[in-house]
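Asks: quick one, what's the 3D model for this:
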Amino acid sequence: MTRLIRVFPRKTKASPDDALAYFGPPDLFAEADEVHVSVAFTQDKAIAERLAEEWRHVAPVKVGGVAYGDTSLEFIPGRYIKPGYTITSRGCPRRCWFCGVWKKWPTVNTMPIVPGWNVLDDNLLAAPRPHVEAVFDMLRGQGRRIEFTGGLEALALQDYQVDLLASLKPRPNMFFAYDPGDAFETLESAARRLIEAGFTERSHRMRVYVLIGYPKDTFDSAEARLQQMLSIGFTPHAMLWQPETPSQDKHRPAPEWRAFQRRWARPAIIHASDRHPPAEAGE
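Replies: Down below sits the predicted model:
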């Protein structure tokens, strides 16, 4: 069996934690037949290429990942993300200017359903109904709280999908998205239907990524969008825009945006003044 070491420029919650996952240069005990440097963020490319040079004396090295435009539809659980995380489809039919997913996969491509409890699909709700229902059948058997940290699209949310989300016990952690160009009414409709199905604002299970700091954005405008999401029952999570190409670097958010983003990324801070009673156990 090939001994494969995977090297990552940074460690995240989703990073593998087995003995063959590294987050820096090789140590004295590093032995492998092949080394893969996996890069998720474009800003980590320089670090990744330096790591690749440091690992070349251990074994042949390949550098790849999302940051390098990887278009593979193969998902091997536990290889580049921690066991428990799963990807059942790739691609998105939308054409958002700040997202490169549609440039690689302009339609949703379904994949074999690998069991897991944290779904990272690009746009699961835009997948064909039989696939979506099969994914939820798998999720019901996980025996723990489900998370959709890959994000769910409010525009794609159909009533049968609301019922599927409500069928998961305990209630899942959902992350929707409020991006530039999205209609507020679309998010408002999604929140209303989820609340009608039994989700509650006080549980903070209804989360929403809000992109901030992109070209021509302002602090006042960003705060207004975040407050809009609070007003309809979502707990916002600010996501700071980052340039993907050298031509966009002149628009890189000023350092002040980082402090602003941190204040709007922690539910404990966002809801510090709430007076809601504790959420019920099933939530």
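Asks: please enumerate the strands of this structure.
Replies: 4-7, 21-22, 34-38, 61-64, 85-86, 89-90, 109-110, 118-119, 147-152, 173-178, 206-212, 235-240 (DSSP state E).
Asks: what is the last one packed up against?
Replies: The criterion is 3 or more Cβ pairs under 8 Å, 6 or more residues apart in numbering; DSSP states H and E, and the helices and strands that strand 235-240 contacts are strand 206-212, helix 219-231, helix 255-263, helix 267-270. (Glycine included, C-beta is placed from N, CA and C.)
Asks: hang on, the earlier thing: tell me which of the strands of the chain approaches Trp102 most closely.
Replies: Smallest distance to Trp102 across these (Cβ to Cβ): 10.8 Å, for strand 89-90.
Asks: who touches the closest one?
Replies: 73, 101, 104-105, 108-111, 121-124, 127, 131 (Cβ atoms under 8 Å, 6 or more residues apart in numbering).
Asks: which of these sits closest to Pro172?
Replies: For the contacts of strand 89-90, the nearest to Pro172 is Leu124 (12.0 Å; Cβ to Cβ).
Asks: excluding its backbone neighbours, what's nearest the closest one?
Replies: Ser89 (6.1 Å; Cβ to Cβ, 6 or more residues apart in numbering).
Asks: helices of this structure, residue ranges please.
Replies: Here the chain has its helices, by DSSP state H, at 45-55, 101-104, 129-140, 159-167, 184-196, 219-231, 255-263, 267-270.
Asks: check which residues of the second one are buried.
Replies: The reference is to helix 101-104. Neighbour counts over helix 101-104 (16 or more other Cβ atoms under 10 Å) mark Trp102, Lys104 as buried.
Asks: nice, that's everything, thank you.
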